[in-house]
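Visitor: Sequence first, predicted model second:
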Amino acid sequence: MSAFRHRDYLIFWIGALLSNTGSWILNLTVPFVLFELTGSALWVGAAVAAQFLPMFAFSPWGGSLADHFPRRQVLLVMQTFMGVAALVLWALWVADLRDPWLLLGVMAIIGAANGLSMPSWQGFVHDLVPREDLQSAVTWNSLQFNAARAIGPAIAGLLLATLGPAWAFGINAASFGCVVLAIMLVRAGRHALRTVRTSGVIRQFSDAGRYLTTQPGLILSMLVAGIVGFLGNPVFSFTVVFAGAVFDVGPLQLGLMNAALGVGAFISAPLVAGGRWAPQLSRLVKAGLLTYTGALIVFALAPGYVVGIVALVVIGGCFLTVVASINTATQVIVADPFRGRVLAMRLMVFTAAAPLGSLAWGAVADVTGPRAAMVMAGVLMGLVTVALLALRGSVRLSRLDDPHDESITAAEAA
């Protein structure tokens, strides 16, 4: 827990936990109301796509902002904007404007703002702690996100079962105030100098792409992010479908299903938080992917709700293990002048793979049923993982343990 010795990191972590809890209330509420309105698993996948595809589209600009402007200022502006958009979503629901397309439109606006914000968010973690505490900071940042994934859906399930969606939308809007306040209290980054941009966003991303090809560890992190996004992440939205169409349970039990994912993350966090006894990142990714595969199949074939909950705990732990490990590898390896753009690229890979996977497996589930769709996703994830582990040469999985690249200067990257 060495990252928490630093005041700025502790403040930011608490604010982010409260804000992301609100976001996860939203992330369960929107698929729930869409499934209630349409009865289609494809619409549940569309809710994911409405968030992630705009994130993908706007991430190049987000990466440029993160490399050339004070990240603290970028976060203040974008998190405030997202709070206003969340307030609009609440107002639409209260005004009884509940058209599915309208809901998806506001979610797309929030997703676009998130794409502009997220590279600065991830890079800001690096600004708050010294390098020796970076693995601890990245892991606990991932745990904060997964803790919110546990708390938020549990609250959402309770709200949906009692007070209704309007309260869920309203609490999410209010939660953005927590992270905005935390960023205002953070001292780091207040006087960060702007870097002069010598080219446009497309040229900057081309330069970062060429740099990326020289770092096999970064390439591996991108590849693993795509695997998890397309094959592993859809289960997070499929809890809505399984609750209603497989286990036949209500919104409170649905909230507990999503909370189980966060509980698994809590359990696995000490394993990936760093320290002298911690396994190598490449070994964590290997074990996480293989276990993830088995847990997906167990969840798909679960004979009852309790077995499904246990499988979700394991899935949540595997998700944190893999994602925190590749995030740490990226933050450790990448040269500082390229940090924002490379983090944006990794984000783009995941935010393209996740909605495509949700849409694809949602469409399959509408034809074959949710159980068969998740079995197919799990089997395919196992096959892809075995192929990944068979890679040799410069792209072998152990390159995730490469050291920090100090060969690029700020002038060369500008």
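Guide: Okay, I see it.
Visitor: My read is that residue 119 contacts residue 63, right?
Guide: Yes. Contact status for residue 119 versus residue 63: in contact at 4.6 Å, counting by C-beta atoms under 8 Å. Yep, even glycine has a C-beta here, placed from its N, CA and C like the rest.
Visitor: Which residues are in contact with each of these two?
Guide: When contacts are counted by C-beta atoms under 8 Å, 6 or more residues apart in numbering, residue 119 and residue 63 have 340-341, 343-344 as shared neighbours.
Visitor: So for the residues you listed, which is the shakiest by pLDDT?
Guide: Lowest pLDDT of these: residue 340, 73.
Visitor: Chain neighbours aside, what residue packs nearest to that one?
Guide: Nearest residue to residue 340 in three dimensions, chain neighbours excluded: residue 66, at 2.8 Å (C-beta to C-beta, 6 or more residues apart in numbering).
Visitor: What of residue 268?
Guide: Nearest residue to residue 268, sequence neighbours excluded (C-beta to C-beta, 6+ apart): residue 317, at 3.7 Å.
Visitor: OK, contacts around the one you found?
Guide: Residue 317 is in contact with 264-265, 267-268, 291, counting by C-beta under 8 Å, 6+ apart.
Visitor: Can you pull out the low-pLDDT segments for this structure?
Guide: Low-confidence segments of the chain (pLDDT under 70): 1, 131, 146, 188-201, 272-279, 405-414.
Visitor: so what secondary structure elements neighbour the longest helix seen in it?
Guide: In the chain, with assignment by DSSP state H, the single longest helix is helix 7-38. Contacts defined by 3 or more C-beta pairs under 8 Å, 6 or more residues apart in numbering; DSSP states H and E place helix 7-38 against helix 41-68, helix 71-94, helix 100-128, helix 134-162, helix 165-185, helix 234-241, helix 251-272.
Visitor: just checking, what packs against the shortest one?
Guide: Which is helix 234-241. helix 7-38, helix 41-68, helix 251-272, helix 305-333, helix 339-368, helix 370-389.
Visitor: before we move on, the earlier item: could I get the helices and strands packed on helix 7-38 as JSON lines with mean neighbour count and distance to residue 308?
Guide: Shown next, in JSON lines, are those (neighbours: other C-beta atoms under 10 Å; distance: least, C-beta to C-beta, whole Å):
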{"stretch": "helix 41-68", "mean neighbour count": "24", "distance to residue 308": "16"}
{"stretch": "helix 71-94", "mean neighbour count": "20", "distance to residue 308": "29"}
{"stretch": "helix 100-128", "mean neighbour count": "22", "distance to residue 308": "27"}
{"stretch": "helix 134-162", "mean neighbour count": "24", "distance to residue 308": "14"}
{"stretch": "helix 165-185", "mean neighbour count": "20", "distance to residue 308": "23"}
{"stretch": "helix 234-241", "mean neighbour count": "26", "distance to residue 308": "9"}
{"stretch": "helix 251-272", "mean neighbour count": "23", "distance to residue 308": "7"}
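Visitor: okay, these in JSON lines with distance to residue 18 next?
Guide: Shown next, in JSON lines, are the helices and strands packed on helix 7-38 (distance: least, C-beta to C-beta, whole Å):
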{"stretch": "helix 41-68", "distance to residue 18": "20"}
{"stretch": "helix 71-94", "distance to residue 18": "12"}
{"stretch": "helix 100-128", "distance to residue 18": "15"}
{"stretch": "helix 134-162", "distance to residue 18": "8"}
{"stretch": "helix 165-185", "distance to residue 18": "4"}
{"stretch": "helix 234-241", "distance to residue 18": "21"}
{"stretch": "helix 251-272", "distance to residue 18": "15"}
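Visitor: Looking at those helices, which is nearest to residue 349?
Guide: Nearest to residue 349, of all the helices and strands packed on helix 7-38, is helix 41-68, at 8.7 Å by C-beta to C-beta.
Visitor: ok so, going back, which of the helices and strands packed on helix 7-38 sits closest to residue 378?
Guide: Set against residue 378 and scored by C-beta to C-beta, the helices and strands packed on helix 7-38 come closest in helix 234-241, at 8.9 Å.
Visitor: between the helices and strands packed on helix 7-38, which one is nearest to residue 14?
Guide: Nearest of the helices and strands packed on helix 7-38 to residue 14, taken as C-beta to C-beta: helix 165-185 at 6.5 Å.
Visitor: Can you tell me how far residue 258 is from residue 264?
Guide: 11 Å (C-beta to C-beta, to the nearest Å).
Visitor: Residue 117 is in contact with residue 74, correct?
Guide: Yes. Here residue 74 reaches residue 117: they are 6.8 Å apart, a contact under C-beta under 8 Å.
Visitor: one step back: the shared contacts of residue 119 and residue 63: which two are farthest apart?
Guide: Farthest pair in these, by C-beta to C-beta: 341 and 343, 7.3 Å.
Visitor: before we move on, the earlier item: in a markdown table: the shared contacts of residue 119 and residue 63, plus neighbour count and distance to residue 220.
Guide: Shown next, in a markdown table, are these (neighbours: other C-beta atoms under 10 Å; distance: C-beta to C-beta, whole Å):
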| residue | neighbour count | distance to residue 220 |
| --- | --- | --- |
| 340 | 29 | 20 |
| 341 | 29 | 18 |
| 343 | 28 | 15 |
| 344 | 32 | 18 |
